[in-house]
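In: Predicted model and sequence follow; I will ask about them next.
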Amino acid sequence: MKIGVCVLPVDATTRTFEELEDAGFDAAWTYDHLEWGGWRGRPWFGALPLLAAVAARTSRIRIGTLVSSISLRHPLELAQQALTIDHVSGGRFDLGIGAGSVGFDAQVHGHEPWSPGERAARFAEYVELVDALLTNERTTYTGTYYAAIDAPMHAGCVQRPRVPLTVAADKPRTMAVAARFGDRWVANSIYGEVAEKCARLDAACAAAGRDPASIERVLLIDEPADQLRSIDDELARAEALGFGETVFRYPHEGDRGVLAALGSSR
């Protein structure tokens, strides 16, 4: 079982990420939002510029977004930034990507909120285009919601065939996207139904003609790690459900000693 830690981007330094690498953790992730419900009115920095700095200051630990929302950027912008961090990190970057929700990030641009159906349709196009951009030197794509005309990515990714995609999905339509494009799939524990979501992914893979074992499963324990009753119980539950990585949230305002307990569980 790999153990990752999700660090809130509330500090514009790389210190925490470097400490996690030194402590032996497998991965360090961060949320990709403009603002976050549990941290409103306080400093919050851009995930991708921060991870580029982390990539330059670390050498072993894998880093990534958990996850980038389709509400914030055009697919071309996200793909170019992902490719850049892949190079800076020497091939240690994972691009987490999700459909987003109806919260602040979905409204900040001033357009009418997307319906659930439109959001799912946009997500399918978005991930398909990101996949194409990161795989090919030039991409032309015309969809209902997104397009790219002769878009260049000549540098190519360090990781082949491209930066791995960690796809967040809960419902059948987004699960189909994970089954088609995901190298990894992430489930968030706070929304419950984790076992049921695993079964939905299996069904989506079957429909796509894909072996479910070919998608690594990541479980995000989306509550402060110092508030968990038992780290060992969380790890055992994740392993029993077939997850290959469990990600705990960094205890920014709590007991950092819990990180030692996490590290000892590796």
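Out: All right, it came through fine.
In: Can you give the distance of the helix or strand hosting Ile85 from its chain's centre?
Out: Using DSSP states H and E, Ile85 falls within helix 75-89. Taking CA atoms, centre = their mean, to the nearest Å, one finds helix 75-89 lying 14 Å from the centre of the chain it belongs to.
In: what's the answer for stretch 177-195, then?
Out: 10 Å.
In: what's that stretch in contact with?
Out: With contacts defined as CB atoms under 8 Å, 6 or more residues apart in numbering, stretch 177-195 is touched by 66-67, 94, 96, 123-124, 127-128, 131, 164-170, 197-198, 201, 204-205, 207-208, 210, 215-223, 237, 241, 243, 245, 247. (C-beta placed from N, C-alpha, C; glycine too.)
In: Mind doing that once more with 7 Å?
Out: The set of residues that contact stretch 177-195 without belonging to it, under CB atoms under 7 Å, 6 or more residues apart in numbering, is 66-67, 96, 123-124, 127-128, 131, 164-170, 197, 201, 204-205, 208, 210, 215-223, 241.
In: Stretch 82-100 too?
Out: In contact with stretch 82-100 (CB under 7 Å, 6+ apart) are residues 48, 51-52, 55-56, 62-71, 106, 119-120, 123, 127, 130, 134, 153, 155, 157-159, 163-168, 174, 186.
In: Could you tell me which of those belong to strands?
Out: 62-69, 165-168, 186 (DSSP state E).
In: who wins for neighbours among the residues you listed?
Out: Neighbour counts for the ones in strands among the contacts of stretch 82-100 (other CB atoms under 10 Å) peak at Gly64, which has 32 neighbours.
In: so what's it up against?
Out: For Gly64, the contact set (CB under 7 Å, 6+ apart) comprises Ala27, Trp29, Phe93, Asp94, Leu95, Gly96, Thr166.
In: Mind putting the residues you listed into CSV with distance to Leu228, pLDDT and secondary structure?
Out: Output for the contacts of Gly64, formatted as CSV (distance: CB to CB, whole Å; pLDDT from 0 to 100; DSSP: H, G, I helix; E, B strand; the rest coil):
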residue, distance to Leu228, pLDDT, secondary structure
Ala27, 18, 97, strand
Trp29, 17, 97, strand
Phe93, 28, 98, strand
Asp94, 24, 98, strand
Leu95, 27, 98, strand
Gly96, 22, 98, strand
Thr166, 22, 98, strand
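In: Find the pair from those residues with maximum spatial separation.
Out: Ala27 and Leu95 (12.9 Å; CB to CB).
In: Look at those two and report which has more neighbours.
Out: The neighbour count for Ala27 versus Leu95, taken as other CB under 10 Å, is higher for Leu95 (28 against 22).
In: The more buried one: what's its closest spatial neighbour, skipping adjacent residues?
Out: Ala82 (4.6 Å; CB to CB, 6 or more residues apart in numbering).
In: Over to Arg42?
Out: Looking at Arg42 with CB to CB, 6+ apart, the closest residue is Val10, at 6.7 Å.
In: Run a quick neighbour tally on the one you found.
Out: 17.
In: So it lies in a helix, does it not?
Out: No. Secondary structure of Val10 (DSSP: H, G, I helix; E, B strand; the rest coil): coil, not part of a helix.
In: In contact with it, which residues?
Out: Going by CB under 7 Å, 6+ apart, Val10 touches Trp39, Arg42, Pro43, Trp44, His252.
In: could you pull out the helices for the protein?
Out: Secondary structure of the chain, counting by DSSP state H: helices at 15-22, 47-57, 75-89, 104-107, 116-135, 172-181, 194-208, 231-240, 258-264.
In: okay if I get those helices as CSV plus distance to Tyr146, mean neighbour count and mean pLDDT?
Out: What follows is the helices of the chain, written out as CSV (distance: least, CB to CB, whole Å; neighbours: other CB atoms under 10 Å; pLDDT from 0 to 100):
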stretch, distance to Tyr146, mean neighbour count, mean pLDDT
helix 15-22, 31, 18, 94
helix 47-57, 19, 20, 98
helix 75-89, 6, 21, 98
helix 104-107, 16, 16, 64
helix 116-135, 5, 20, 97
helix 172-181, 14, 21, 96
helix 194-208, 21, 17, 96
helix 231-240, 34, 15, 89
helix 258-264, 39, 16, 67
